[in-house]
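Engineer: no FASTA, just this:
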């Protein structure tokens, strides 16, 4: 391992209610148009997009050397809502270095952390204020907001982990989180099956 | 890097008010008697110890493979109080692999994260509910409770980081946090100087 870059200690504030980090270096905003093909109900998606390119989630990042030994961190804010029966969610990703984990600490909201490994194992972990989820190495992860208010987490992952969005964009997750009788329900993703046959 | 061990995703609860992780695997409890020689006022220390071997801090840990790629995490609860003019604090440590960082997210209390690098740089970062501190590689770190209630943080660090307590036990920190006119005050550690000359 090459030597980790020296930087000074520093502190920052995390607003548990808004998810805003102060000070932050980078803000990622994902809107409906960035998520084309990711929701199962394409008709519902197109109808919504004609009306408004809604903000689905935001990520506040602080710049730290992106190297092994350092830790990267951010807040993730997924807004409440649905496309058809499917709850608003993040794109989800594997880490480029698939051997790296991530820890999520939820400060507000209700949701599900959908995870799926490179070997096809999957798990849906409940998220709520005060709950944390350990996403181990080899697992893609997606935050799904099944509640009525923003789903906010503070996330930490190793420097050098990287993000692989392409695998999920190409195949999707094996499972979807859909509303059924007014409650979240984990179902098979029919599109995922089509793409692998 | 050898391959990271596969484990399943899991979730746990962090009580922001007590610092208790549910479920946890290990609880470290440090009492006054474990901190002999670490507080500057040895007479005050001995007088207190004669009366009671007070609990100074606790650490709740969850067992995850202690390997690069995984992330270890815990809660740290430092209780309020003073030995002489010096606030209750943790032992403090470098990481054995000095090239690894740690992130602290404070959920309750008031305090100072005292940090000091292998090259003699130091920094005192204020801690309070909602504040987080980034302890970069090369920095020893110690939580100091300068308030009236428990100082509680959720901490994340890389698997394989390890703990080097011996360096601090032998030399102490360059700086102390003492009460002066009713407020925390960072001062030089006279014992540290003695030991290096």
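Structural biologist: It's in. Worth saying up front: this structure is predicted, and the values here are computed from it rather than measured.

Engineer: and the longest helix anywhere in chain A, what does it pack against?
Structural biologist: In chain A, with assignment by DSSP state H, the single longest helix is helix A:42-51. The contact analysis (3 or more C-beta pairs under 8 Å, 6 or more residues apart in numbering or on different chains; DSSP states H and E) places helix A:42-51 against strand A:82-83. The way it works is simple: take the backbone N, C-alpha and C, and place the C-beta from them, glycine included.

Engineer: what lies in contact with the longest helix of chain A?
Structural biologist: When contacts are defined by C-beta atoms under 8 Å, 6 or more residues apart in numbering or on different chains, helix A:42-51 is touched by residues A:32, A:33, A:35, A:36, A:39, A:54, A:83, A:84.

Engineer: just the residues you listed that are near chain B?
Structural biologist: Residues of those in contact with chain B (C-beta under 8 Å from any C-beta of the partner chain): none.

Engineer: still on that earlier bit, next one: the longest helix of chain A to chain centre, how far?
Structural biologist: Averaging C-alpha positions (C-alpha atoms, centre = their mean, to the nearest Å) puts helix A:42-51 22 Å from its chain's average.

Engineer: tell me the mean pLDDT over that helix?
Structural biologist: Taken as a whole, helix A:42-51 carries a mean pLDDT of 98.

Engineer: after it, next one along is what?
Structural biologist: Next helix or strand after helix A:42-51 toward the C-terminus (DSSP states H and E): strand A:55-61.

Engineer: what strands flank that next one, and is each parallel or antiparallel?
Structural biologist: Strand partners for strand A:55-61, identified by DSSP bridges, are recorded as strand A:26-31 (antiparallel), strand A:71-78 (antiparallel).

Engineer: which stretches in chain A count as helices?
Structural biologist: Shown for chain A, the helices assigned by DSSP H span residues A:42-51, A:166-171, A:190-196.

Engineer: turn those helices into a markdown table, including mean neighbour count.
Structural biologist: Putting those into a markdown table (neighbours: other C-beta atoms under 10 Å in any protein chain shown) gives the following:
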| stretch | mean neighbour count |
| --- | --- |
| helix A:42-51 | 13 |
| helix A:166-171 | 14 |
| helix A:190-196 | 12 |
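
Engineer: picking that back up, pick the most deeply packed of the strands paired with strand A:55-61.
Structural biologist: A comparison of these by mean neighbour count, using mean count of other C-beta atoms under 10 Å in any protein chain shown, puts strand A:71-78 on top with a mean of 23.

Engineer: ok now that one, how far from the chain's centre?
Structural biologist: Relative to where its chain is centred, strand A:71-78 has its mean C-alpha point 9 Å off (C-alpha atoms, centre = their mean).

Engineer: one more: stretch A:91-104?
Structural biologist: For stretch A:91-104, the distance from its own C-alpha centre to the chain's C-alpha centre is 10 Å (C-alpha atoms, centre = their mean).

Engineer: endpoints of that stretch, how far apart?
Structural biologist: The first residue of stretch A:91-104 is 16 Å away from its last residue (C-alpha to C-alpha, to the nearest Å).

Engineer: can you give me the buried ones in that stretch?
Structural biologist: Buried residues in stretch A:91-104, defined by neighbour count with 16 or more other C-beta atoms under 10 Å in any protein chain shown: A:91-95, A:97-104.

Engineer: contact partners for residue A:143?
Structural biologist: A:57, A:76, A:78, A:89-90, A:92, A:104, A:111-114, A:127, A:151, A:153.

Engineer: do the same with residue A:176
Structural biologist: Residue A:176 sits next to A:40, A:86, A:186, A:187, A:188, A:189 when contact means C-beta under 8 Å, 6+ apart.

Engineer: okay, residue A:187 and residue B:178: tell me how far apart.
Structural biologist: 60 Å (C-beta to C-beta, to the nearest Å).

Engineer: could you report the pLDDT at the nearest residue to residue A:17 once chain neighbours are set aside?
Structural biologist: Of all residues not flanking residue A:17 in the chain, residue A:108 sits nearest, at 6.1 Å (C-beta to C-beta, 6 or more residues apart in numbering or on different chains). On pLDDT, residue A:108 comes in at 98.

Engineer: could you tell me how many residues sit around residue A:108?
Structural biologist: If you count neighbours by other C-beta atoms under 10 Å in any protein chain shown, residue A:108 ends up with 20.

Engineer: name the nearest residue to residue A:21, ignoring sequence neighbours.
Structural biologist: Using C-beta to C-beta, 6+ apart, the nearest residue to residue A:21 is residue A:60, at 4.3 Å.

Engineer: hmm, the one you found is touching residue A:75, no?
Structural biologist: Yes: using C-beta atoms under 8 Å, residue A:60 is in contact with residue A:75, at 4.7 Å.

Engineer: overlap in contacts of these two?
Structural biologist: Residues touching both residue A:60 and residue A:75 (C-beta under 8 Å, 6+ apart): A:19, A:20, A:21.

Engineer: which of the residues you listed fall within strands?
Structural biologist: Cross-referencing the shared contacts of residue A:60 and residue A:75 against strands under DSSP state E gives residue A:21.

Engineer: by neighbour count, which of the shared contacts of residue A:60 and residue A:75 wins?
Structural biologist: Among the shared contacts of residue A:60 and residue A:75, the one with the most neighbours (other C-beta under 10 Å) is residue A:19, at 24 neighbours.

Engineer: which helix or strand in chain A has the lowest average pLDDT?
Structural biologist: helix A:190-196 (a mean of 70; mean pLDDT, DSSP states H and E).

Engineer: still on that earlier bit, between residue A:187 and residue B:178, which one's more packed in?
Structural biologist: More crowded of residue A:187 and residue B:178, by other C-beta under 10 Å: residue B:178, with 20 against 13.

Engineer: which residues does that one bridge with?
Structural biologist: Here residue B:178, judged by DSSP bridges, has bridge partners residue B:86, residue B:185.

Engineer: ok, it touching residue B:185?
Structural biologist: Yes: Residue B:178 lies in contact with residue B:185 (C-beta under 8 Å); the separation is 5.5 Å.
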